[in-house]
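Student: Sequence and predicted model, in that order:
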Amino acid sequence: MLTNLAEQNSIANRFLAELRHAQQQKDRLRFRRNLERIGEVLAYELSKTLDYKTIDVETPLGVAAMQVPADQIVLGTILRAGLPLHQGMLNYLDNADNAFISAYRRQHKDGTFDIQLEYVSCGDLNDKVLVLADPMLATGASINLALKHLERHGTPKAIHIVAVIASTAGVEAVQRQYPQAHLWLGAIDEELTGKAYIVPGLGDAGDLAYGDKH
């Protein structure tokens, strides 16, 4: 299951264009806000797939039967780049529980790398809807490793993966390991370099949002 915002024109196109633009990226506040906006759009789209229940709401003039989400959501993100995207989703899914994963690439002398997880904070996932957000889905290694560790916290009723830009290879890697997951993407780029950078992509989302970490 995959939803790609780029397949249909919307205001999200503008947010994504500004995120990619090398000059506009220099405005960190704008960059973070656009990540947040993409998160809001994808949260709205994702909300259409949730289970709903009917509640009675007392108005000044009577009682209205309203459909509201019945699912308990756990909204997770991979630090640090995922924070603005996470916040955008939390703006709409504001009653969600939250999970945080600290992960980084460990580079080797031969140019290869592996993903290391240092910290996972997550409550019980049993029967809940897990939404895992990370701006860039490059190789899929970070998402797959994070999901593997989150399995220790229970079995969610549904898994959703949210990214602003993904590579074709990354999408395929996640779908192979977690075929039940629904992917929600701002755009898909075909090329992935030998150093696992998405092309044209947008660069390092964490550095652009918060400054060079080195």
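Tutor: Cool, the structure landed. Just so it is clear, the model here is predicted, and its values are computed rather than measured.

Student: contacts and neighbour counts: CA atoms only from here.
Tutor: Will do.

Student: Please name the nearest non-neighbouring residue to residue 44.
Tutor: Residue nearest to residue 44 in three dimensions, not counting chain neighbours: residue 92, with 7.1 Å by Cα to Cα, 6 or more residues apart in numbering.

Student: wait, what's in contact with the one you found?
Tutor: Contacts for residue 92 were tallied using Cα atoms under 8 Å, 6 or more residues apart in numbering; they are 40, 43-44.

Student: Need these in CSV (columns: secondary structure, neighbour count and pLDDT).
Tutor: Below are the contacts of residue 92 laid out as CSV (DSSP: H, G, I helix; E, B strand; the rest coil; neighbours: other Cα atoms under 10 Å; pLDDT from 0 to 100):
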residue, secondary structure, neighbour count, pLDDT
40, helix, 22, 97
43, helix, 22, 97
44, helix, 14, 97
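
Student: For the protein, which segments count as helices?
Tutor: Remark: helices assigned in the chain by DSSP state H are 12-20, 28-47, 83-92, 141-150, 168-177, 205-210.

Student: Okay, buried residues for the fourth one please.
Tutor: If I follow you right, that is helix 141-150. For helix 141-150, a neighbour-count test (16 or more other Cα atoms under 10 Å) marks 141-144, 146-147, 150 as buried.

Student: Out of these, flag the one nearest to residue 205.
Tutor: The closest of those to residue 205 turns out to be residue 142 (Cα to Cα; 14.5 Å).
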